[in-house]
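>>> For reference, the sequence and a predicted model appear below.
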Amino acid sequence: MKQLKHAMKPLAGLVALGSLLALAACGEQQQQQAAAPAESEVEKETIVWKLAQTWGTGFPIFGDAVIKMADMVKAMSGGELEIRIDSSNKHKAAFGILDMVKAGQYEMGHSASYYWKGKDPSTMFFSTMPFGMIAPEQYAWFYYGGGMDLMKKVYDKQGVYSFPGGNTGNQMGGWFAKEINTLEDLNGLKMRIPGFAGEVLSKLGVVVTNIAPGELYTALERGTIDALEWVGPSLDLNMGFQKISQYYYTGWHEPATELQFMVNKEAFDSLPAHLQEILVTAMQYAAYDMYAHSYHESAVNWASIEEEYPDVKIRTFPPEIIAEMKRVNQELLAESAAADPMFKEILESQAAYMKMARKWTEISDYAYLKDNLE
């Protein structure tokens, strides 16, 4: 027993020494942990992006959507990603947004897809098309009917990702200096109107032009153009067109005008996955919020027209003009589809989806409104 006890003493000493060393090491480790900030407390390097927009500084609704998106990205990322906005006042290229984002001069852009029809006619489908889907139908097509996949196929060729960027809803048909009663009244008329609608009216004798937003009022006031369409009451009254033109026509050409966020593909792919998710979420929220904002402002401003602008006359294009617009529209769509497989694929996708969705629209919203409008 003594021998065993004596043999145990050195072992016990070693155990005690090991315990002391372990305690000392643990204490040192705790001190180091206390001295070092937690990973969440480490200040991460801010990634700064630039965004170019077609709209001028302080432009309402459209510009508000961009600011809201940027603010959300900064807040949700904890300042890890910051987006700085350059308006057209600074970059001086209202219709050059796609080229600048493609080249990497800007990581992001905000504009409208149909402005790029000269580069690729298929881009027009991702804004709106004459006699096409209304906003709820189009949003459903984008997110659940294959629209996002088709948009990616088109914009992959440009080296950018494209996302819905805010909807105006159904736009008005425009401001005219004189009443339009016959097809002859359109012949030689100088009008600002973009997208496929411009091609339709061109076939009907209209001299079509596209003018940057900041130049529209001056062009109308000076008689450079005889008519223009912009958006609707949400923005038109703020632009002051009612002070110049007397006739305000209901729409046919842009039933669901979707704006567009563009992101340079290389820049997006280089972001960490969590920042990609934050950016996509912020863009989607800002886009749909712009739709609600635009609808609200149109309702408010429409209510003010009769009282504040009694000289403005609301008109609808005569049935024979609408019929001819539809005929020409179908003719041009067929020609473009025959010449461009991508155009044909998107046209067929939208047509099939609208045929399905419109049945529901008719027995839901349309039936309700038809029976309940005063």
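Right, received. Where do you want to start?

>>> May I have the secondary structure class of the residue sitting nearest the centre point of the chain?
A centroid search over the chain (C-alpha atoms, centre = their mean) returns residue 165, at 1.3 Å, as the residue closest to the centre. Three-state secondary structure (criterion: DSSP: H, G, I helix; E, B strand; the rest coil) places residue 165 in strand.

>>> Residue numbering should commence at 4 henceforth.
Sure thing, new numbering starts at 4, so read that last one as residue 168.

>>> Could you find the closest non-adjacent residue to it?
Nearest non-adjacent residue to residue 168, counting by C-beta to C-beta, 6 or more residues apart in numbering: residue 262, 3.8 Å away. The C-beta positions use only the backbone N, C-alpha and C, and glycine is treated the same way.

>>> How about residue 217?
residue 59 (4.9 Å).

>>> What's the local residue count around the one you found?
16 (other C-beta atoms under 10 Å).

>>> before we move on, what about residue 206?
Residue 206: 15 neighbours (other C-beta under 10 Å).

>>> from memory it sits against residue 335, does it?
Yes: taking C-beta atoms under 8 Å as the definition, residue 206 is a contact partner of residue 335 at 7.0 Å.

>>> buried ones in stretch 263-274?
263-268, 270-271, 274 (16 or more other C-beta atoms under 10 Å).

>>> Confidence-wise, which helix or strand of this protein is lowest on average?
The weakest-scoring helix or strand in the chain, judged by mean pLDDT, DSSP states H and E, is helix 5-38 (a mean of 38).

>>> which among the buried residues of stretch 263-274 gets closest to residue 369?
residue 263 (28.3 Å; C-beta to C-beta).

>>> From the contact counts, what lies against the helix or strand hosting the closest one?
Using DSSP states H and E, residue 263 sits in strand 261-267. Where contact means 3 or more C-beta pairs under 8 Å, 6 or more residues apart in numbering; DSSP states H and E, strand 261-267 is packed against helix 65-79, helix 100-106, strand 111-115, helix 138-147, strand 163-170, helix 276-311.

>>> and it, how far out from the chain's middle?
5 Å (C-alpha atoms, centre = their mean, to the nearest Å).

>>> Identify all contacting residues around that strand.
65, 68, 72, 100-101, 104-105, 107, 109-116, 129-131, 138, 141, 145, 158, 162-171, 282, 286, 290, 293 (C-beta atoms under 8 Å, 6 or more residues apart in numbering).

>>> Next, the angle helix 138-147 makes with that strand.
Counting by axes from the mean of the first three to the mean of the last three C-alpha atoms, to 10 degrees, strand 261-267 lies at 30 degrees to helix 138-147.

>>> Can you tell me the strand partners of strand 261-267 and which way each runs?
Paired strands of strand 261-267, with direction, are strand 111-115 (antiparallel), strand 163-170 (antiparallel) (DSSP bridges).

>>> thinking again about what came up before, now do the contacts for the residue nearest to the centre of the chain.
68, 113-114, 261-264, 286, 289-290, 293.

>>> what residues are up against residue 90?
56, 58-62, 66.
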